[in-house]
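> how would this look folded up:
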Amino acid sequence: MSIISARKRIWGWWFFDWASQPYHTLLVTFVFGPFFAAVAANYYMGEGLDVEAANAQAQTMWSRGLTITGLLIGFGAPFIGAMADISGRKRPWLLGFSLMYVVGAGAIWFMDPGGANLWTMLICFGLGFIGAEFALIFANSQLPSLGDKDDVGAISGSGFAFGYLGGVLALFIMLLLFVEQGTGKTLIGLDPILGLDAESREGTRAVGPFTALWFIVFMVPYFLWVKDDARTGERGTLRQAIGLVVTSVKALRQRPSLMRYLGSSMLYRDALNGLYSFGGVYAALVLGWEITLIGVFGVISAIAAALFSWIGGFADKRLGPKPVIVGSILVLTLVCITVVNMSRETLFGLPLAPGSSLPDAIFFGCGMLIGGFGGILQAASRSLMVRHTNPAKATESFGLYGLSGRATAFLAPLLIGVATTLTGSARLGITPVVFLFILGLILLHRVEAKGDQV
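Have a look, this model is predicted:
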């Protein structure tokens, strides 16, 4: 068997980000999420609700789906990671979760534009999302083996940049060739390709099968160049996994820096996921954007994310991940405050001229900052986790990292859903994200910048 070079292994690992990113770019944020919200809002208006109430109900429904999905991901992640560490085998798990990704994404084709199967489609979306998030845990756990602690920041940042470029290209293809505008034409004035029917929104619904096919094709380099760790000869059981996780959680008392970091990242990553999950929904419900305009917004945001993530990787290598994380959280908090205080009619309480394009311009700018600094924040976060990770227990450690990122993954959607219900406003419903960022920043203050694994 030929030896796979370290450089090729890194490229294979980067291809995981390239292959998997479209689930987040196309389905969570910029195409399916807003499409689902628009369909749900129209459905509830057909049930007799006024526009504002229907929009709030649609956002609440989306938040409930993400809440349930987040709970399943958060509490399953560390146990699955521990089982993989016991056996030393990651590939079978990755294959299984990849299958969930493909099936869940592909099923979105069956979305009824009239809203007859909203909950069924939310379940299918959740199945694929769980597959994507669990697969990511295994990919993240391989980061410590790709370079030393001074290099993983740049490797992580470049991986996110490469992934976002994949997301941009996938979104660009969807906008140009598939997603129909109100006119029934794509962004460049074509009928949706492959004879897809614009009236029944087949061009937009094709985002599911397209995302699944993209993943299948571009995971090939990953599976060819990133091999399993050596088998331990043991067969991991759930009972053993529970024991390992309980031991690891108890051991956090002797590792205060890691404990504070997991708590901090739990809050600010949840806030970031809330921004990603509801950014496109906000554009559709509050600003009234069509899916194609949201897609253009997504292309610009993803390009910014790719560029910023790459630059952020070098900043991480020079300054370390903690200062990079702090700066990113501060920028994202200011962006959230701006978004909450903006509507079609007002900006920070000041009235706007009827038909003003200022909210659109500002939200485009906010999108660039969310994409750019969100990418930096994710890359630097897994870099700081490496500095707190024992390589011999990498999957278990990143399972805990996954738990910290997902144990309260229900919290942002839940709080957004509650705030939306109480205020009756999709715009004010985003407010809890600001407080999650601030709390995460406070906990981060006492985290050791160099980690507690020297």
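> quick one: residue 200 and residue 113 touch, right?
Yes. Shown here, residue 200 and residue 113 form a contact pair, counting by C-beta atoms under 8 Å, at 6.1 Å. From N, CA and C alone the C-beta is placed, and that goes for glycine too.
> neighbour count: these two, which is higher?
More neighbours surround residue 113 than the other of residue 200 and residue 113, with 16 against 13 (other C-beta atoms under 10 Å).
> wait, a helix at that one?
No. The assignment for residue 113, made by DSSP: H, G, I helix; E, B strand; the rest coil, is coil rather than a helix.
> what's stretch 336-347 in contact with?
In this structure, residues lying in contact with stretch 336-347 by C-beta atoms under 8 Å, 6 or more residues apart in numbering are 271, 275, 282, 286-288, 348-349, 351-352, 356, 358-359, 362-363, 366, 427-428, 430-431, 433-434, 437.
> let's see 7 Å
Residues outside stretch 336-347 that contact it (C-beta atoms under 7 Å, 6 or more residues apart in numbering): 282, 286-287, 348, 351-352, 358-359, 362, 366, 427-428, 430-431, 433-434, 437.
> any idea of the mean pLDDT in it?
Per-residue pLDDT over stretch 336-347 has a mean of 86.
> which members of the contacts of stretch 336-347 are positioned in helices?
Applying DSSP state H to the contacts of stretch 336-347, the entries found in helices are 282, 358-359, 362, 366, 433-434, 437.
> same list (the residues you listed) but as CSV, adding distance to residue 245 and neighbour count.
Below are the ones in helices among the contacts of stretch 336-347 laid out as CSV (distance: C-beta to C-beta, whole Å; neighbours: other C-beta atoms under 10 Å):
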residue, distance to residue 245, neighbour count
282, 36, 25
358, 50, 12
359, 46, 18
362, 44, 15
366, 38, 22
433, 29, 28
434, 32, 18
437, 28, 28
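> the residues you listed: which two are farthest apart?
Spanning the widest gap among these are 358 and 437, at 24.7 Å by C-beta to C-beta.
> what mean pLDDT does the helix or strand hosting residue 77 get?
Here residue 77, judged by DSSP states H and E, is contained in helix 51-87. Taken as a whole, helix 51-87 has an average pLDDT of 80.
> which of the residues in it are buried?
54-74, 76-87 (16 or more other C-beta atoms under 10 Å).
> helices or strands up against it?
helix 32-46, helix 118-141, helix 238-251, helix 256-285, helix 394-406, helix 411-423 (3 or more C-beta pairs under 7 Å, 6 or more residues apart in numbering; DSSP states H and E).
> distance from the fourth one to the middle of the chain?
Here helix 256-285 is found 9 Å from its chain centre; the criterion is C-alpha atoms, centre = their mean, to the nearest Å.
> list the buried residues in the helix or strand just after that helix.
Downstream of helix 256-285, the next assigned helix or strand under DSSP H and E is helix 291-319. Buried residues in helix 291-319, defined by neighbour count with 16+ other C-beta under 10 Å: 291-310, 312-313, 315-317.
> and if you look at stretch 415-426?
Using 16+ other C-beta under 10 Å as the test for burial, stretch 415-426 gives 415-417, 419-420, 425-426.
> please apply the same query to stretch 35-50.
Per 16+ other C-beta under 10 Å, stretch 35-50 contains these buried residues: 35-41, 43-45, 49.
> just the residues contacting that stretch, thanks.
51, 54-55, 57-59, 61-62, 113, 115, 118, 121, 204, 281, 284-285, 291.
> what's the burial count for residue 185?
Other residues close to residue 185 by other C-beta under 10 Å number 15.
> surely it forms part of a strand?
No. With three-state DSSP as the criterion, residue 185 is located in coil rather than a strand.
> got the contact list for it?
Taking C-beta under 7 Å, 6+ apart, one finds residue 191 in contact with residue 185.
> for residue 388, see how far away it is.
51 Å (C-beta to C-beta, to the nearest Å).
> one more: residue 304?
Noted for residue 304: a distance of 29 Å to residue 388, by C-beta to C-beta.
> quick revisit: the helices and strands packed on helix 51-87: which one's closest to residue 441?
That would be, of the helices and strands packed on helix 51-87 and by C-beta to C-beta, helix 256-285, which comes in at 6.9 Å.
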